[in-house]
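[1] Mind looking at a prediction? Sequence and model below.
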Amino acid sequence: MFEYAPAPESRDIVDIRPSYGLFINGEWVEPQSEARHKTVNPATEEVLAEVAWAGEADVDRAVQAAAKAFPVWSAMPGAERAKYLFRIARLIQERARELAVLETLDNGKPIRESRDVDLPLVAAHFFYYAGWADKLAYAGFGPDPRPLGVAGQVIPWNFPLLMLAWKIAPALACGNTVVLKPAETTPLTALAFADICRQADLPPGVVNIVTGAGETGAALVNHPGVDKVAFTGSTEVGRLIARSLAGTRKKLTLELGGKAANIVFEDAPLDQAVEGVVNGIFFNQGHVCCAGSRLLVQESIAADLLEALKRRLGTMRLGDPLDKNTDIGAINSAEQLAKIRELSEAGEAEGAERWSPACPIPDRGYWFPPTVFTGVAQSHRIAREEIFGPVLSVLTFRTPAEAVEKANNTPYGLSAGVWTEKGSLMLWTASRLRAGVVWSNTFNRFDPTSPFGGYKESGYGREGGRHGLEGYLAL
Amino acid sequence: MTTPLAEVASSPSTLRAFLHGLPGVDRVGADARAAMLGTRSIKTTAKKQAIDLAIGMVDLTTLEGADTPGKIRAMCAKAVRPDPADASVPPVAAVCVYPDLVATAVEALAGSGVKVASVATSFPSGRSSLEVKVAETSLAVAAGASEIDMVIDRGAFLAGDYLKVYEEIVATKHACADAHLKVILETGELATYDNVRRASWLAMIAGADFIKTSTGKVSPAATLPVTLVMLEAVRDFMAATGRKVGVKPAGGIRTTKDAIKYLVLVNETAGPDWLHADWFRLGASSLLNDLLMQRQKMATGRYAGPDYFTLD
């Protein structure tokens, strides 16, 4: 047996303060609200730090700071704004290891992913939008597109720093100022980003970070001084926001849930399809809105594919997220774990067959083994509801038309994957899928130049690429 | 062969249909998987274990026009006792030489347990008649080679004449008698991963004991993704037929870090059952000294200069 010895990334590189205030107008300020919250390492349940939960008065202060900074920032030539964004991008690269460790500690995702996926994409996003800042007149939105004003941005806990980058980079490039609220369970990298803004000498008030839970987010999106709301998170909360913003002048983009189909045709490159299925649903513990949570496999190869998939899952390494060889880290919170458990039990109760590889689970922390459900029907809850965990539902189909029908038969439409070696079938299928992203012989690949967003209950508006500018410009 | 595959080589069309019916390989995906496995961090006890495992898997190779009996004898001494200062270092798996130097190597390695492998079949190009290839194989075996590293006829393969390639492997295997047959696919000339997968199956159906990436004379030689595709092939062949075939990447593997990446690839693709010199070899020459250097570094905490390791 070839056992890999523990290879933990050192956490000495991060310096976590015992407690954090709010980042408003370029400074750390004490909140008026007295509510505080402990953020824990989900792999150990160890308390990492205490953060403020901003109240309405705190949010108001942040929005006012952003509003005050807006005339200066928006009037600045695009090339000057770009300099700040390039500087931020470089600082992120320089501090990539520290930020990756911090992300892993606070979120529970494996260091291999925070190091090799999250951080490179975060830096790439700032580099990319820095490039747009002085070219907005040529982006196809008219000769002199104007920014909106103050953007209120609320982000989720699954890719804390990456979602921050998706929100802040285009907003700043277009000349907006922002108030961002990170998720309550993963505030630490956003707070580290505040420090980077200071390092980059970003003018005060251009970026403000207020921590807190749902009430803080509600105070932010409902604040009358906010001109634009961008939200990534659950469809449930997205609905609330859409409702409360209806009839206001605020521009809204929503990036919500998903229940993506990963369609494997019988002529697919089998070994790579298995990798794609694994990467589709077990990447980031399945805490991915565009996760390929429904495997639609052509019945003629279903047995072979499942056998190969199970063999492959037997090699997955679950455990200490800081270990460089870990493939599956911790579930982000006790609440999320309870939700995954509840839906998995519903899957069993509804008659699907549950399977997980032999996989030791650590004693402390929040963990869920990679899980595959076979014999799943479209009517089962596990085929319809977003689980947001490492749980794959396997369904079969007989013909391409049936695959498309099943793939589209969901209230969501964020992403899809298609696996075939036949180009014409690939194009035929992709053109019929109602999803914002269709991956061809791959899954969960991201690039700042590529727009991302949903159909139907997966939200509206696009982030990334030229399209991502639109949500931050007055058109 | 009493396998479900016995009939596929009964005609050019059945063989072609079978090979073209294998699942395709997506290059981007295969490259990504190999790169991901390359990020595994093998430290401390695992690194120690891996280094000794790798040393025991080396086919120490010299395939130069300038090879002489003296050069071969020196290399054989190194093969048996890689580090003269440290008897705990295991010997390598085999030495690999040209056919005319097999007798020299056999004599030098007598009683050591290190095997003698010989390239054959008009290595490296394979451009000769079947008679010459078979005769060369027989002579190498008669001289005492216990392993034969043959090359396939890449021209015939690329022309779609799979049966010719198959028949040459079968004939060479026959000429090998008890010697183990490694079939060199020369993946750098096959170019696509689909071809690598087809050539792997073709060689295995024809009776290869090992499939080997490269001669070392063509660039690119062994790469991680090509080896990944071959490891998938031996794994699937085992599942289909119950017969286990070994894999040998050769050429371009120069550092301990590289060697360990290959071991990780084996471990997580074909599985730990293949992590043995009977089933996995590393065709290399300069790799051995890097392994020794890293081994000493693990033991003493210090790097010695290159002059503290013998150049043979």
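    It's in. Numbers count the residues shown, from 1 in each chain, chains lettered A, B, ... in the order given.

[2] Near chain A, which residues of chain B are found?
    Within chain B, the positions adjacent to chain A are B:23-26, B:28-30, B:32-33, B:39-47, B:49-50, B:53, B:232, B:263, B:267-268, B:272, B:275 by CB under 8 Å from any CB of the partner chain. Heads up, the C-betas are built off the backbone N, CA and C, glycines and all.

[3] now the residues you listed: which count as buried?
    B:23-26, B:29-30, B:32-33, B:40-43, B:46-47, B:49-50, B:53, B:232, B:263, B:267-268, B:275 (16 or more other CB atoms under 10 Å in any protein chain shown).

[4] what are the ranges of the strands in the stretch 1-150 of chain B?
    B:58-61, B:94-97, B:115-120, B:147-151 (DSSP state E, counting those that start in this stretch).

[5] Please name whichever of those strands is nearest to A:Glu45.
    The closest of the strands of the stretch 1-150 of chain B to A:Glu45 is strand B:58-61. By CB to CB, the value is 47.0 Å.

[6] and the closest residue to chain B within the stretch 101-250 of chain A, which of the three is it?
    Of all residues in the stretch 101-250 of chain A, A:Arg112 sits closest to chain B, at 6.3 Å by CB to the nearest CB. Per DSSP: H, G, I helix; E, B strand; the rest coil, the local secondary structure of A:Arg112 is helix.

[7] Surely it touches A:Leu322?
    No: under the criterion of CB atoms under 8 Å, A:Arg112 is not in contact with A:Leu322, lying 10.1 Å apart.

[8] Quickly list what's touching both of these two.
    Both A:Arg112 and A:Leu322 lack any common contact, where contact means CB atoms under 8 Å, 6 or more residues apart in numbering or on different chains.

[9] Flag every residue of the stretch 1-150 of chain A that's near chain B.
    Residues of the stretch 1-150 of chain A lying near chain B (CB under 8 Å from any CB): A:1-7, A:112, A:116.

[10] So among those residues, which ones count as buried?
    A:4, A:6-7, A:112.

[11] Quick check: nearest residue in space to the residue of the stretch 101-250 of chain B found nearest chain A, chain neighbours excluded?
    Per CB to the nearest CB, the residue of the stretch 101-250 of chain B with the smallest distance to chain A is B:Glu232, at 5.3 Å. The spatially closest residue to B:Glu232, leaving aside those adjacent along the chain, is A:Asp271, at 5.3 Å (CB to CB, 6 or more residues apart in numbering or on different chains).

[12] three-state assignment of that neighbour?
    helix.

[13] Okay, domains of chain A per the record?
    Domains of chain A are assigned by automatic domain parsing as A:19-256+A:455-474, A:261-440.

[14] Which one of the ones you listed lies nearest to B:Val58?
    domain A:261-440 (25.1 Å).

[15] rewinding a little: what about the buried ones among the residues of chain B next to chain A, which are in helices?
    Those of those mapping onto helices are B:29-30, B:32-33, B:46-47, B:49-50, B:53, B:232, B:263, B:267-268, per DSSP state H.

[16] Taking the residues you listed, tell me the two that lie furthest apart.
    Pairwise over these, using CB to CB, the maximum falls at B:Gly29 and B:Gln49, 29.8 Å.

[17] B:Arg27 contacts B:Tyr193, doesn't it?
    Yes: the pair B:Arg27 / B:Tyr193 is scored as a contact, 5.6 Å apart, by CB under 8 Å.

[18] so how many other residues sit close to residue 71?
    You didn't pick a chain, so chain A it is. Using other CB atoms under 10 Å in any protein chain shown, A:Pro71 is surrounded by 11 other residues.

[19] you looked at the wrong chain, it should be chain B
    16.

[20] Tell me the pLDDT of it.
    B:Lys71 is assigned a pLDDT of 97 by the prediction.

[21] Give the full set of residues in contact with the residue lying closest to it once chain neighbours are set aside.
    Spatial nearest neighbour of B:Lys71, chain neighbours left out: B:Thr62 (6.4 Å); criterion: CB to CB, 6+ apart. Residues in contact with B:Thr62 (CB under 8 Å, 6+ apart) are B:71-72, B:75, B:95-97, B:285.

[22] what's the answer for A:Asn408, then?
    Contacts for A:Asn408 (CB under 8 Å, 6+ apart) come out as A:432-434.

[23] What does the pLDDT read for the residue of the stretch 51-200 of chain B found nearest chain A?
    Closest to chain A within the stretch 51-200 of chain B is B:Leu53: 7.4 Å, counting by CB to the nearest CB. Note on B:Leu53: pLDDT of 98.

[24] now B:Thr2
    44.

[25] The one 5 residues further on too?
    B:Glu7 is assigned a predicted lDDT (pLDDT) of 91.

[26] do you know how far it is from chain A?
    As for B:Glu7, its distance to chain A is 21 Å (criterion: CB to the nearest CB, to the nearest Å).

[27] Skipping adjacent residues, who's closest to that residue in space?
    Closest to B:Glu7 by CB to CB, 6+ apart is B:Thr14, at 6.7 Å.

[28] Is the closest residue to B:Arg154 other than its chain neighbours within a helix or a strand, and which one?
    Excluding its sequence neighbours, the residue lying closest to B:Arg154 (CB to CB, 6+ apart) is B:Glu189, at 4.7 Å. For B:Glu189, the host element (DSSP states H and E) is helix B:187-190.

[29] what's the answer for A:Arg354, then?
    Going by DSSP H and E, A:Arg354 is part of strand A:353-355.

[30] what pLDDT, on average, does that strand get?
    98.

[31] Can you give the strand pairings for the helix or strand just after that strand, parallel or anti for each?
    Counting by DSSP H and E, the element after strand A:353-355 in chain order, helix or strand, is strand A:371-374. Applying DSSP bridges, strand A:371-374 is found paired with strand A:353-355 (antiparallel), strand A:391-397 (parallel).

[32] right, so of the strands of the stretch 1-150 of chain B, which gets closest to A:Leu254?
    Of the strands of the stretch 1-150 of chain B, the one closest to A:Leu254 (CB to CB) turns out to be strand B:58-61, at 58.3 Å.

[33] quick one: strands adjacent to that closest one?
    strand B:94-97 (parallel), strand B:282-284 (parallel).

[34] and the strands of the stretch 1-150 of chain B as JSON lines, adding mean pLDDT and mean neighbour count?
    Formatted as JSON lines, the strands of the stretch 1-150 of chain B follow (pLDDT from 0 to 100; neighbours: other CB atoms under 10 Å in any protein chain shown):
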{"stretch": "strand B:58-61", "mean pLDDT": "98", "mean neighbour count": "26"}
{"stretch": "strand B:94-97", "mean pLDDT": "98", "mean neighbour count": "29"}
{"stretch": "strand B:115-120", "mean pLDDT": "98", "mean neighbour count": "27"}
{"stretch": "strand B:147-151", "mean pLDDT": "98", "mean neighbour count": "28"}
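
[35] how about a markdown table for these, with distance to A:Phe70 added?
    Shown next, in a markdown table, are the strands of the stretch 1-150 of chain B (distance: least, CB to CB, whole Å):
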| stretch | distance to A:Phe70 |
| --- | --- |
| strand B:58-61 | 66 |
| strand B:94-97 | 72 |
| strand B:115-120 | 73 |
| strand B:147-151 | 71 |
